[in-house]
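K.L.:
here is my input, please return the structure:
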Amino acid sequence: MLDIQTLKNFVPFNGLDDEYLQEALTKIDVQEYGKGQMLFKRGRPVNTQYYLLDGQVDLINSAFYVSTVLGDSAAAHNSLNPESPTLCSGVAKSPSVKVFSIDTETLDRLMAWSQSAVDTDLDTMEYSTGEFEVAELHEEEGGDWMAALLQAPLFAKVPLAQVQELFLRFEDVSMKKGEMVVKEGERGDFFYVLVSGSARVHNHSDSVDIVIHPGQFFGEESLLGDTPRNASVEMLTSGRLKRLNSENFNALLKAPVVHYVENAGLEKLEKPYKLLDVKMPMEFRINHLPGAINIPLSRLRNSLAELGRTNVYVVPDDAGSRADIAAHLLCQAGFDAVILKSTVPQ
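P.N.:
Presented below is the predicted three-dimensional model:
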């Protein structure tokens with residue numbers, strides 16, 4: 001039976017904490033195939049990742065070249081079909097072949113959740129609190145939270161024509177001392193701005209414990225990656241917040257900020273570009289674009305100070321939801337960033 005220790009032998013599961021591996025186990029199917037049975041066919045979109053546990057599988061490409069994968073080999077530690085549409089057909093070649101499979105989108109979300117839920121140093125906690133990317137805005141005299149919000153690099157990228165619509169769609173929420181704004185583990189449904197009062201951000205492991213004040217916003221990563229909240233926010237005083245639901249957030253704050261390009265469009269960018277791959281190191285070694293640098297999403301926040309601002313950072317979309325989070329994080333910090341659409345050969 002598949003267990004956590006066995007799962008740690010496979011990429012990218014070997015980079016997940018036990019709590020995420022336990023969640024993965026509830027989503028995994030284990031199957032057995034007889035000799036000659038086909039696991040997947042070349043050139044077909046496949047929304048499932050297959051991993052070989054035992055036996056022999058032949059991968060046959062369009063030129064009928066055969067690559068053999070054995071259950072105890074290093075090649076078996078990786079997905080048999082990392083691309084979609086598939087570049088090879090997978091055929092069972094031993095009398096009994098045992099594989100496990102997981103939905104690609106589910107695996108993508110687990111990776112995004114895991115790499116969003118990182119501990120940060122206390123020295124940087126003012127700006128980064130794991131899933132809560134709390135941005136501090138310096139309010140102008142008079143406490144005009146709208147003016148403060150618009151000074152943030154993230155909002156500077158929102159076209160002026162949409163700014164008025166953005167504020168019109170904000171909902172006003174009054175909170176009392178001791179009330180929970182969000183709870184750790186819940187699914188994210190709103191982006192928040194603290195307008196008045198103060199609140200405490202904390203989590204069960206005590207790796208996050210800070211106080212936020214008017215003019216700070218949080219919650220966007222949960223919407224970008226469809227990740228659960230990795231910390232709770234509790235009101236220390238009575239106060240007010242503005243919130244934006246996921247639909248409005250995507251329309252007004254994600255779509256205008258995060259842009260996509262294809263390979264042909266890279267040379268048309270206004271600045272020189274650098275490829276920034278946010279997959280985990282093992283994933284990066286297995287598959288990455290030539291010339292790309294690797295900064296895993298879990299380390300990106302603490303690496304921002306090392307990045308130059310004379311380039312456009314191009315994030316390949318093979319990192320799934322992590323690419324969305326990374327590009328938005330870079331834009332929020334004032335960098336120019338785009339997501340590179342995959343071009344998979346047919």
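K.L.:
so who does residue 25 touch?
P.N.:
2, 3, 4, 7 (C-beta atoms under 8 Å, 6 or more residues apart in numbering). (C-beta placed from N, C-alpha, C; glycine too.)
K.L.:
farthest-separated two in those?
P.N.:
Pairwise distances across the contacts of residue 25 peak at 8.8 Å for 2 and 4 (criterion: C-beta to C-beta).
K.L.:
most neighbours among the contacts of residue 25, please name it.
P.N.:
The most neighbours of any of the contacts of residue 25, using other C-beta atoms under 10 Å, belong to residue 7, which has 20 neighbours.
K.L.:
need phi/psi at that residue.
P.N.:
Dihedral angles of residue 7 (phi, psi; degrees, to the nearest 10) stand at phi -60, psi -30.
K.L.:
buried stuff in stretch 159-171?
P.N.:
Applying a neighbour-count criterion of 16 or more other C-beta atoms under 10 Å, one finds 163, 166, 169, 170 buried in stretch 159-171.
K.L.:
from these, which land in helices?
P.N.:
Secondary-structure check on those using DSSP state H: residues within helices are 163, 166, 169.
K.L.:
I figured the last one hits residue 243, correct?
P.N.:
In this case it means residue 169. No. Under the contact definition of C-beta atoms under 8 Å, residue 169 does not touch residue 243, with a separation of 9.9 Å.
K.L.:
give me the low-pLDDT residue ranges for the chain?
P.N.:
Using pLDDT under 70 as the threshold, the predicted model of the chain has low-confidence ranges 113, 115-148, 150-151, 156, 160-161, 164, 225, 343-346.
K.L.:
give the residue farthest from the middle of it.
P.N.:
For the chain, the residue at maximal distance from the C-alpha centroid (C-alpha atoms, centre = their mean) is residue 95, at 39.4 Å.
K.L.:
check contacts around the closest residue in space to it that isn't next to it in sequence.
P.N.:
Spatial nearest neighbour of residue 95, excluding adjacent residues (C-beta to C-beta, 6 or more residues apart in numbering): residue 35 at 5.2 Å. Shown in contact with residue 35 (C-beta under 8 Å, 6+ apart): 92, 93, 94, 95, 96, 97.
K.L.:
same check, this time on residue 183
P.N.:
Shown here is residue 183, whose contacts under the criterion C-beta under 8 Å, 6+ apart are 229, 232.
K.L.:
where's it relative to residue 236, distance?
P.N.:
Note on residue 183: its distance to residue 236, by C-beta to C-beta, to the nearest Å, is 16 Å.
K.L.:
quick one, helices of the stretch 151-300 of the chain?
P.N.:
With helices called from DSSP state H, counting those that start in this stretch, the stretch 151-300 of the chain shows them at 153-156, 160-169, 220-225, 246-249, 281-286, 297-300.
K.L.:
I'd like those as JSON lines, with distance to residue 61 appended.
P.N.:
Shown next, in JSON lines, are the helices of the stretch 151-300 of the chain (distance: least, C-beta to C-beta, whole Å):
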{"stretch": "helix 153-156", "distance to residue 61": "44"}
{"stretch": "helix 160-169", "distance to residue 61": "47"}
{"stretch": "helix 220-225", "distance to residue 61": "33"}
{"stretch": "helix 246-249", "distance to residue 61": "41"}
{"stretch": "helix 281-286", "distance to residue 61": "17"}
{"stretch": "helix 297-300", "distance to residue 61": "31"}
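K.L.:
first vs last residue of stretch 266-285, how far apart are they?
P.N.:
Between the opening and closing residues of stretch 266-285 we find a distance of 23 Å, counting by C-alpha to C-alpha, to the nearest Å.
K.L.:
I'd assumed residue 98 was in contact with residue 54.
P.N.:
Yes. Between residue 54 and residue 98 there is a contact at 4.3 Å, judged by C-beta under 8 Å.
K.L.:
anything in contact with each of these two?
P.N.:
residue 71.
K.L.:
on that earlier part again, and the buried residues of stretch 159-171, which is closest to residue 292?
P.N.:
For the buried residues of stretch 159-171, the closest approach to residue 292 (C-beta to C-beta) belongs to residue 166, at 33.6 Å.
K.L.:
so who does that closest one touch?
P.N.:
With contacts taken as C-beta under 8 Å, 6+ apart, residue 166 has the following neighbours: 158, 244, 248, 252, 253.
K.L.:
I'd like to know how many residues surround the first one.
P.N.:
Right, residue 158. A count of neighbours around residue 158, defined by other C-beta under 10 Å, yields 18.
K.L.:
again with the second one
P.N.:
Using other C-beta under 10 Å as the criterion, residue 244 is surrounded by 24 other residues.
K.L.:
how many other residues sit next to the closest residue to it other than its chain neighbours?
P.N.:
In this structure, residue 244 finds its nearest non-sequential neighbour in residue 191, 4.5 Å apart by C-beta to C-beta, 6+ apart. Residue 191: 25 surrounding residues under other C-beta under 10 Å.
K.L.:
how near is residue 191 to residue 222?
P.N.:
According to C-beta to C-beta, residue 191 and residue 222 sit 9 Å apart.
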